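K.L.:
Need coordinates for the following:
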Amino acid sequence: MFKKIGLSVICAVGLGILSQQVYAGNEGKTIVTQTFNPQSVVYVTNRDSSDIAVIDMKTNKVIDRIACGDCCNPHMTMATMDGKRLVTTGTQKNYAVIVDLKTREIKKVRLGIAPEHFAISHDGKWAYIGNMEEGAVSIVDLINSKEINRIQGFYEPHGFSMLPDMSKVYVSNLGAHEIGVIDVKSQKLIKTIYIGNAHILASLNLDKRLSEINGIANPTLTPDGRYLYAADGDSNQVAVIDTHTDSVVKTIPVGQNPWRAYVS
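P.N.:
Alright, predicted model coming up:
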């Protein structure tokens, strides 16, 4: 595991909303085809059965399933905002599954080690995917279904948030007390923002914590993108980051081992 000290175990469930067409089947083969209005279905990843359940929000029933590949252990699912594609990470097999919801075609894109969470650009063209055990972020071209870059320099990249203007992507490091900043235009890691009170972090007795770092699970942007909230597990604080300067402007003590922040 790529972190500064120790290991961590993470459990998560992925949900995806916004689709116009769904289907179930093996790669390249359609079994069932149905058409839905936008925002009419919810996608749920089933990690042990390696498929995606499709739930009709009107009836609250499973109406379809999408196969992701044998024993791929899908971790997260998200649809593009235009409803054209569905993206899923196959953590166990180290690939992303991209479903074209119009042509019903499934493509697999080889990634780094243990891809889990990701963000999709607002225009639906790119996915930023964290390879948890490689310490790298893959940038995937969703139109052409290929990885175009892999950025190193992370410690268990776990959560992602993109600014509304799509200029920067913020990446939380679960294995460190850091937020990485990716410049979308250059596709480079341009800054690391250090989170947490240094005095508190230095006083931690890691021997009693199995030498495990509990860093930042997810970065949370305000709707206008002006500020980012980052909950740091070890320091029991939430940092407020000014996205204009990419610096911490305030730290707020909260409870023990905070996981993430949500905005109303």
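K.L.:
C-alpha only now, for contacts and for neighbours.
P.N.:
OK.
K.L.:
What is the burial count for Val137?
P.N.:
28 (other C-alpha atoms under 10 Å).
K.L.:
ok, now Asp165?
P.N.:
Neighbours of Asp165 (other C-alpha under 10 Å): 10.
K.L.:
Can you name the residues that contact the closest residue to Cys68 other than its chain neighbours?
P.N.:
Distance criterion C-alpha to C-alpha, 6 or more residues apart in numbering; nearest residue to Cys68, sequence neighbours excluded, is Asp51 at 5.2 Å. Listed by C-alpha atoms under 8 Å, 6 or more residues apart in numbering, the contact set of Asp51 reads Thr45, Arg65, Ile66, Ala67, Cys68, Gly69, Pro74.
K.L.:
what's the nearest residue to Ser121 if we skip its chain neighbours?
P.N.:
Using C-alpha to C-alpha, 6+ apart, the closest residue to Ser121 is Ala127 (6.3 Å).
K.L.:
Now do the host helix or strand of the one you found, average pLDDT.
P.N.:
Using DSSP states H and E, Ala127 maps to strand 126-131. Average pLDDT, strand 126-131: 98.
K.L.:
what about the helices in the chain?
P.N.:
Using DSSP state H, the helices of the chain run over 198-202.
K.L.:
still on that earlier bit, just to check, the residue nearest to Ser121 is in contact with Ile139?
P.N.:
Yes. At 5.8 Å, Ala127 and Ile139 qualify as touching, with contact defined as C-alpha atoms under 8 Å.
K.L.:
The residue nearest to Cys68 pairs with what?
P.N.:
Per DSSP bridges, residues listed as beta-bridge partners of Asp51: Asn46, Ala67.
K.L.:
Which of the contacts of Asp51 ranks first by neighbour count?
P.N.:
Counting by other C-alpha under 10 Å, top hit in the contacts of Asp51: Pro74 with 32 neighbours.
K.L.:
For it, list the residues it contacts.
P.N.:
Thr45, Asn46, Arg47, Ser50, Asp51, Cys68, Thr88, Thr89, Gly90, Thr91, Gln92, Glu116.
K.L.:
so how far is Thr91 from it?
P.N.:
6 Å (C-alpha to C-alpha, to the nearest Å).
K.L.:
What of Trp259?
P.N.:
21 Å.
K.L.:
One more: Lys102?
P.N.:
Going from Lys102 to Thr91 by C-alpha to C-alpha gives 25 Å.
K.L.:
Over to Gly215?
P.N.:
Using C-alpha to C-alpha, we find Gly215 at a distance of 21 Å from Thr91.
K.L.:
Of these two, give the one with the bigger neighbour count.
P.N.:
Shown here are Gly215 and Thr91; by other C-alpha under 10 Å, Gly215 has more neighbours (30 against 24).
K.L.:
Report the contact partners of that one.
P.N.:
Contacts of Gly215 (C-alpha under 8 Å, 6+ apart): Asn173, Leu174, Gly175, Ala176, His177, Glu178, Asp232, Gly233, Asp234.
K.L.:
Who are the contact partners of the fifth one?
P.N.:
Counting by C-alpha under 8 Å, 6+ apart, His177 makes contact with Tyr194, Ile195, Gly196, Asn214, Gly215, Ile216, Asp232.
K.L.:
Quick check: it vs Thr89, distance?
P.N.:
25 Å.
K.L.:
so what's the residue nearest to Ser121 up against?
P.N.:
Ala127 neighbours (C-alpha under 8 Å, 6+ apart): Phe118, Ala119, Ile120, Ser121, Ser138, Ile139, Val140, Asp141, Leu142.
K.L.:
Any of the residues you listed buried? List them.
P.N.:
Neighbour counting by 16 or more other C-alpha atoms under 10 Å classes Phe118, Ala119, Ile120, Ser121, Ser138, Ile139, Val140, Asp141, Leu142 among the contacts of Ala127 as buried.
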